[in-house]
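Chemist: Structure, please.
(chains A and B)
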Amino acid sequence: MSERRVVTRFAPSPTGYLHIGGARTALFNYLYAKKYGGRFILRIEDTDTARNSEEASEAILSSLKWMGLDWDDGPFYQSRRLDIYRKYAEKLLSEKKAYRCFCTAERLEAQRAGKRADGGFWAYDRLCHSLDEAESRARADSGEKYVIRFSIPDGGAVSFNDMVHGVLNFQNDVLDDFIIIKSDGMPTYNFAVAVDDHEMGVTHVIRGDDHVSNTPKQLLIFGALGVEAPGYGHVPMILGQDKTKLSKRHGATSLGWYEEAGFIREAAVNYLALLGWSLDDKTEFFTLAELIDKFSESRFGRTPAVFDIKKLEYFNQSHLKTMEIGVRSELVYNYAKKYIPELKIDEKYDDLEYFKSVTAIAGDRLRLLGDIKNYAWFMFTDEFSYPAELRDKIIKDHGAEAAARALRQMAEIIEGVGEFSPADLESVLRNAKIENLNFSKLVFLLRSSLSAQTVSPGIFEVMYTLGRARSLERIKRLAAAIEVHSAQ
RNA sequence: GCCCCCUUCGUCUAGCGGCCCAGGACAUCGCCCUUUCAAGGCGGCGGCGCGGGUCCGAAUCCCGCAGGGGGCGCCA
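Modeler: Next up is the predicted model:
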């Protein structure tokens, strides 16, 4: 085999959004090309006029971009390359490696239904196989509808060395004369793929296991065309929890869904790469650059993988953690603005710099981008009231008067703190003697007043970020709320 | 019905004849740390589908079985 510069491709059909399996296929092809300094091309297989959609095509492109998988060439649309497929089909026709078939879909469908009843498999009966060339041409010229079928060579077999499965063999006689050009002039999948992979100089094809049975057909076409076939690698499927091929009924399978759910590309790429591929027995944290560096076709797995969102979440948190705060906060900011409409952000806090300080105090807590809402919604608005349950719990634990007094005393102390820093605030409160309450209790009251909840980032950092005025206002407000309530 | 692929903890996986009475990670459970929640540390639970071979020795090789998955369109 000649030494050629590696060329891989991702060739989705625009009939829906980019799903998990497709995303992984794209990733693998991208990594393989980049690893070997080759090109990664994008081809849109839109030969099904009934099911294509412009939106799907756009969605796929945008998901690919979201993942950071930039293609070097394309996108090429098969629907705009019809003359090319026609040319190759004519060539096969003239060499008697393909023939016109005038059988109606109705006739074949009836036949197929019959066979299915007693057995279940069906193959074209080759009725038009031996049609006289003159007659065939005449019927075609007269406007009769026809398809072009590939003539499977009698006997023989095809075999190829798969990158993940090793040598695979297929007997020709299990194949029937499949259609390569439909009656509407469009090429069928197996034909267009072979023609394009050849035309575009594709050297390696990495795709899902579900394509192994298509491979012999494509190989036969390469053979008939007299051109070299690319190498293949059939990676195992990605399964749903029920261990069947991942599909819409498994729920969230589109990449777009994950973006909206607050996952970041670094995690998606990292996790997907590990479904059907691994480096060794311990390394599992990878950036895209590291994947390109370490990727190897010899490390493909052979067993189907069940998609586990829990592990994806873990990777999301891991990547978020290692990210520079500026980058992370920008992701959080953009996500919040776009996908968390219920997060109330007062105009004066709608600012990237401010988000950066809030994201910073949220620390390692974010698992998904949207978690910022749970941990810090109270940092973005001053207009909230304290939940009755929280107020009642405080009254129950401390008594209304004592709690209010403690809060007011803390306010007084905080008001007088010289340097308003997390460390100073903490040390002052740690040493304060207030209502005989220990530090932990004081912190609980503080947290309640500042965040209106019982869970929050480090409370002194919250206070520092809120600033003296906002903090004091909240502490006094809670005290007042308790007093008013108990007075009733 | 035919063809093809696959089979290690619940899940993702390492393992390619002795280093494995099977290692890592997620999940889960417990403990520690601790101002809450996370994070982190430590520990527990948990697996080689079954049956035959081959070999001094098998998760690793061979055969059979069972199970699972994929494909068999004028869909891709």
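
Chemist: make it CA atoms for all contacts and neighbour counts henceforth
Modeler: Will do.

Chemist: what does the stretch 51-200 of chain A put close to RNA strand B?
Modeler: With Cα under 7 Å from any atom of the strand as the criterion, the stretch 51-200 of chain A meets RNA strand B at residues A:51, A:102-105, A:119-123, A:146-147, A:165, A:168-170, A:174-175, A:178-179, A:182-184, A:187-190.

Chemist: Which ones among those map onto strands?
Modeler: A:Val147, A:Leu168, A:Asn169, A:Phe170, A:Ile179 (DSSP state E).

Chemist: Show the contacting residues for A:Pro304.
Modeler: By Cα atoms under 8 Å, 6 or more residues apart in numbering, A:Pro304 lies in contact with A:Pro236, A:Met237, A:Ile238, A:Leu239, A:Gly276.

Chemist: how about the least confident helix or strand in chain A by mean pLDDT as PDB, C-alpha atoms only?
Modeler: Every helix and strand in chain A was compared by mean pLDDT, DSSP states H and E; the lowest is helix A:105-117, with a mean of 78. Output of helix A:105-117 as PDB, limited to C-alpha atoms (Å, rounded to 0.1, in the frame of the first residue of the first chain):
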ATOM      1  CA  ALA A 105     -41.100  -0.900  -6.200                       C
ATOM      2  CA  GLU A 106     -44.500  -2.400  -5.900                       C
ATOM      3  CA  ARG A 107     -43.500  -5.600  -7.500                       C
ATOM      4  CA  LEU A 108     -40.500  -6.000  -5.200                       C
ATOM      5  CA  GLU A 109     -42.400  -4.900  -2.200                       C
ATOM      6  CA  ALA A 110     -45.000  -7.600  -2.800                       C
ATOM      7  CA  GLN A 111     -42.200 -10.200  -3.300                       C
ATOM      8  CA  ARG A 112     -40.500  -9.000  -0.200                       C
ATOM      9  CA  ALA A 113     -43.600  -9.300   1.900                       C
ATOM     10  CA  GLY A 114     -44.200 -12.800   0.700                       C
ATOM     11  CA  LYS A 115     -40.700 -13.900   1.500                       C
ATOM     12  CA  ARG A 116     -40.800 -12.300   4.900                       C
ATOM     13  CA  ALA A 117     -43.900 -14.400   5.800                       C
END
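
Chemist: what's the next secondary structure element after that helix?
Modeler: helix A:133-141 (DSSP states H and E).

Chemist: tell me the mean pLDDT over that following helix?
Modeler: Averaged across helix A:133-141, pLDDT comes to 94.

Chemist: quick revisit: which of the residues of the stretch 51-200 of chain A next to RNA strand B count as buried?
Modeler: Among these, those classed as buried by 16 or more other Cα atoms under 10 Å are A:102, A:146-147, A:165, A:170, A:175, A:178-179, A:183, A:187-190.

Chemist: Can you pick out the most distant pair from these?
Modeler: A:Phe102 and A:His165 (38.9 Å; Cα to Cα).

Chemist: Now for A:Glu324, how many residues are close by?
Modeler: 11 (other Cα atoms under 10 Å).

Chemist: What are the boundaries of the helices in the stretch 301-450 of chain A?
Modeler: A:309-322, A:325-339, A:352-362, A:371-376, A:388-398, A:400-416, A:422-431, A:439-451 (DSSP state H, counting those that start in this stretch).

Chemist: JSON lines please, covering the buried ones among the residues of the stretch 51-200 of chain A next to RNA strand B and showing pLDDT.
Modeler: Listed next are these as JSON lines, based on pLDDT from 0 to 100:
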{"residue": "A:Phe102", "pLDDT": "94"}
{"residue": "A:Tyr146", "pLDDT": "95"}
{"residue": "A:Val147", "pLDDT": "96"}
{"residue": "A:His165", "pLDDT": "94"}
{"residue": "A:Phe170", "pLDDT": "94"}
{"residue": "A:Leu175", "pLDDT": "92"}
{"residue": "A:Phe178", "pLDDT": "96"}
{"residue": "A:Ile179", "pLDDT": "96"}
{"residue": "A:Ser183", "pLDDT": "94"}
{"residue": "A:Pro187", "pLDDT": "97"}
{"residue": "A:Thr188", "pLDDT": "97"}
{"residue": "A:Tyr189", "pLDDT": "97"}
{"residue": "A:Asn190", "pLDDT": "97"}
